[in-house]
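S.K.: turn this into a structure:
(2 chains)
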Amino acid sequence: MVVFDDVSFAYGEQPVLRDLSLRIDRGQVVAIMGGSGSGKTTLLKLIGGQLRAGSGRVLVDGDDVTVMNEAQLYGMRRKLGMLFQFGALFTDLSVYDNVAFPLRERGRLPESVVRDLVLMKLQAVGLRGAAQLMPAELSGGMARRVALARAIALDPAIMLYDEPFTGLDPISLGVTGQLIRELNDALGGASIVVTHDVAESLAIVDYVYFLADGAMVAQGTPDEVRNSTHPFVRQFINGEPDGPVPFHREAEPYAAALNLERP
Amino acid sequence: MSAELIVGPDTLQLRGRLDAGGAAAIWAQARSAVTAGCVVDASGVDYCDGAGSALLFDLIQRGARVDGLPERYAALLADLNPDKPLTVQSPKPHGIADELADFGKAVTSEFTLTMAFIGVFTADIARIFTARGKIRWRNGFAVASSAGADALPIIALVAFLFGVILSFQSAVPMRQFGAELFVADLVGLSLVRELAPLMTAILLAGRTGAAFAAELGTMKVNEEINALVTLGLDPFRFLVIPRLLAVALIMPMLTVCAEVIGLAGMALVMASFDVPLATSLHRATAIVGFSDFFGGLGKSMVFGFFIAAIGCLRGLRTGAGAAAVGESTTRAVVSSIVMLVVVDGLFAVMFYILGW
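M.R.: Prediction:
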């Protein structure tokens, strides 16, 4: 349902994605893994059309996002649901209204149906009791779960999750993982999970892509990943500081930064 | 307890707490006392944090040898080992040519973005008139009440003050010619043609334009705008259009209020100069013509429209972080007021040519 074909993208002169190709089929949950700043979030924005690829094609449900005009993009986005890294709840609406928002704006459902749907989605994320709270009264993890309920309110065919597991307690973590899997299986859509959480995502996904420096370095099913001897994959899933991925961001030599170079 | 430095021949003795405060206190002295090959006795150190290890590191780099540093602080010192680079990104040196180039780029991108904003806006306005029911009237009413009704007290206050000051200041000299009756003409015309629309617009720019910029800016920073986009809703039609229409429509109403209250203030002052209320109000209404009144209202509508547009534009263009919201708010108010001056000048020219 989502295909990247030789996609490159740069912010100004700084390349973020390089000749990236990947493919997510109907019914699949796919994880995109990589260190911070490897271009994972950019990849999601390319799918949503908030950013346009410098070269290559991005196909969503068969249509090329890179050549769509504004109106077509808005039409295409109705097939997408997105969970933002920090929730991005509407701060002046209550939890209930946040989840009801897409239902009210996009559908012409009677209010009683909206109500049932909202409560159902909140029940799914375990926050039916928080329906009347305002986003400011929620903890980070709760806000994320409300955002998840809002993202799935319209049961979109393609779900994009930006770091769904960060900052969740172990119980919510397991429940959220299961929820992502169940939703995808029930709707027969496709889900893309951008994540750092190796254990949780390997448990629920069908396929994993590893990104480093904007390029695809490895891919495989969870079993292949677990048994992989690829140095990058080994380093990533075992969390070792030394390996192909430098822990440190590129910088001038440490010695120079500490003013050690004296004449 | 703070840090202590005892300087001996070829030895430095460090004692006490090597924290940010302690290290800073002895830093200059230690630096000047250290020589290549001297020994720093750190056995008396009973606390050493990052600042302390930076001091030790600095001394080592100057050729000293550290002795007797308690084992548990060794890891901190090892963190400064140049073999494991930390992250420091040094900014590129900037010459005047670069600055000029950046400025030019900023101006051109600002220009293209503003043009794009106007283009999108015009297209959307056109669409509103073709496809009905797309405007979110409910949001519009909420904005109209907060930007309009809630602004009434402050506008009333300032308008009253305008009327009082203007009439009093002109009445005193005009009385010397026995012409205080004409104060009503003067104040009436200037309020209706210029001052009421302008004053209301400036208040609205500070109140509502700034609020729009801050509100949309915060939504941008919180990714709420992004969330709208991914829900398939155009933030322009959703957030900007209702605000523009609401403000453009309430501005003339506020201006009328300001005019009435300003004239009332004038009449009160004139009453103290022994001109009856009825007389001064009659003179004012007689001198102000149809074109003056509607010219002023038309102008205020255009003002309101631009104030809302600038506020929304600045808000949607907000960068990342809290400082960016503050910056867009400031810029919204400043550019609104500059816009008011320019547009008012254009109106003056237009009215002059039309002979109004």
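
S.K.: neighbouring contacts of whichever helix or strand B:Glu215 is part of?
M.R.: Using DSSP states H and E, B:Glu215 maps to helix B:210-221. Contacting residues not belonging to helix B:210-221 are listed as A:90-91, B:146-147, B:225, B:239, B:243, B:308, B:310-312, B:314-316, B:318, B:320-322, B:324-325, B:328-329, B:331-333 [Cβ atoms under 8 Å, 6 or more residues apart in numbering or on different chains]. Heads up, the C-betas are built off the backbone N, CA and C, glycines and all.

S.K.: over to stretch A:183-192?
M.R.: With Cβ under 8 Å, 6+ apart as the test, stretch A:183-192 has contacts from A:1-2, A:24-32, A:44, A:47, A:152, A:155-161, A:180.

S.K.: what's the burial count for the closest residue to A:Ser38 other than its chain neighbours?
M.R.: Once flanking residues are discounted, A:Ser38 sits nearest to A:Leu211: 4.5 Å by Cβ to Cβ, 6 or more residues apart in numbering or on different chains. When neighbours are counted by other Cβ atoms under 10 Å in any protein chain shown, A:Leu211 registers 24.

S.K.: would A:Leu211 count as being in a strand?
M.R.: Yes: with DSSP: H, G, I helix; E, B strand; the rest coil as the criterion, A:Leu211 is part of a strand.

S.K.: what helices or strands is the top helix by length along chain B leaning on?
M.R.: Longest helix in chain B, counting residues (DSSP state H): helix B:96-130. When contacts are defined as 3 or more Cβ pairs under 8 Å, 6 or more residues apart in numbering or on different chains; DSSP states H and E, helix B:96-130 packs onto helix B:241-272, helix B:290-316.

S.K.: closest to A:Phe236 out of the ones you listed?
M.R.: A:Phe236 sits nearest to helix B:290-316 of all the helices and strands packed on helix B:96-130, at 37.7 Å, using Cβ to Cβ.

S.K.: now the residue of the stretch 251-356 of chain B found nearest chain A. Its backbone dihedrals?
M.R.: In the stretch 251-356 of chain B, the residue found nearest to chain A is B:Ala320; the distance is 12.1 Å by Cβ to the nearest Cβ. Main-chain torsions, B:Ala320, degrees, to the nearest 10: phi -110, psi 140.

S.K.: give me the buried subset of the contacts of stretch A:183-192.
M.R.: A:1-2, A:24, A:28-32, A:44, A:47, A:152, A:156-161, A:180 (16 or more other Cβ atoms under 10 Å in any protein chain shown).

S.K.: narrow these to those in strands?
M.R.: A:2, A:24, A:29-32, A:158-161 (DSSP state E).

S.K.: hang on, B:Leu233 in a helix?
M.R.: No: B:Leu233: not assigned to a helix; according to three-state DSSP it is coil.

S.K.: what about it, how many neighbours?
M.R.: Residues lying near B:Leu233 (other Cβ under 10 Å) number 20.

S.K.: then B:Ala278?
M.R.: Neighbours of B:Ala278 under the rule other Cβ under 10 Å: 9.

S.K.: and B:Gly119, how many neighbours?
M.R.: Every residue meeting other Cβ under 10 Å relative to B:Gly119 is counted, giving 10.

S.K.: measure it to A:Leu51 for me?
M.R.: 21 Å (Cβ to Cβ, to the nearest Å).

S.K.: relative to the biggest strand by length in chain B, what are the paired strands and their orientations?
M.R.: Taking DSSP E as the criterion, chain B has its longest strand at strand B:39-48. According to DSSP bridges, strand B:39-48 forms sheet pairs with strand B:11-18 (parallel), strand B:65-67 (parallel).

S.K.: could you pull out the strands in the stretch 151-263 of chain A for me?
M.R.: Secondary structure of the stretch 151-263 of chain A (DSSP state E, counting those that start in this stretch): strands at A:158-162, A:190-195, A:207-212, A:215-220.

S.K.: how about those, which one is nearest B:Glu4?
M.R.: Shortest distance between B:Glu4 and these, using Cβ to Cβ, is found for strand A:207-212: 49.9 Å.

S.K.: show me what that closest one is in contact with.
M.R.: When contacts are defined by Cβ under 8 Å, 6+ apart, strand A:207-212 is touched by residues A:20, A:22, A:24, A:28, A:30-35, A:38-40, A:43, A:201-202, A:216-222, A:225, A:232-233, A:236, A:244-245.

S.K.: same question for stretch B:323-338.
M.R.: B:202, B:205-206, B:209-210, B:212-214, B:217-218, B:221, B:306-307, B:310-311, B:314-315, B:317-319.

S.K.: next, residue 157: phi, psi?
M.R.: Defaulting to chain A. phi -70, psi -30.

S.K.: check contacts around it.
M.R.: A:Ala157 makes contacts with A:1, A:61, A:79-80, A:187, A:189-190, as judged by Cβ under 8 Å, 6+ apart.

S.K.: sitting in helices, which of those residues do you find?
M.R.: Those of the contacts of A:Ala157 lying in helices (DSSP H): A:Leu187.

S.K.: sort out which one of the contacts of A:Ala157 lies nearest chain B for me.
M.R.: The closest of the contacts of A:Ala157 to chain B turns out to be A:Leu80 (Cβ to the nearest Cβ; 6.1 Å).

S.K.: the residue nearest to that closest one when sequence neighbours are not counted: what's it in contact with?
M.R.: Of all residues not flanking A:Leu80 in the chain, A:Ile158 sits nearest, at 5.2 Å (Cβ to Cβ, 6+ apart). Contact partners of A:Ile158, counting by Cβ under 8 Å, 6+ apart, are A:1-2, A:47, A:60-61, A:79-81, A:189-192.

S.K.: before we move on, the earlier item: tell me which of the strands of the stretch 151-263 of chain A is the most buried.
M.R.: Ranked by mean neighbour count, the strands of the stretch 151-263 of chain A are led by strand A:190-195 with a mean of 26 (mean count of other Cβ atoms under 10 Å in any protein chain shown).

S.K.: parallel or antiparallel, list what pairs with it.
M.R.: With DSSP bridges as the test, strand A:190-195 pairs up with strand A:29-33 (parallel), strand A:158-162 (parallel).

S.K.: so can I have TSV of those showing mean pLDDT?
M.R.: Shown next, in TSV, are these (pLDDT from 0 to 100):
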stretch	mean pLDDT
strand A:29-33	89
strand A:158-162	89
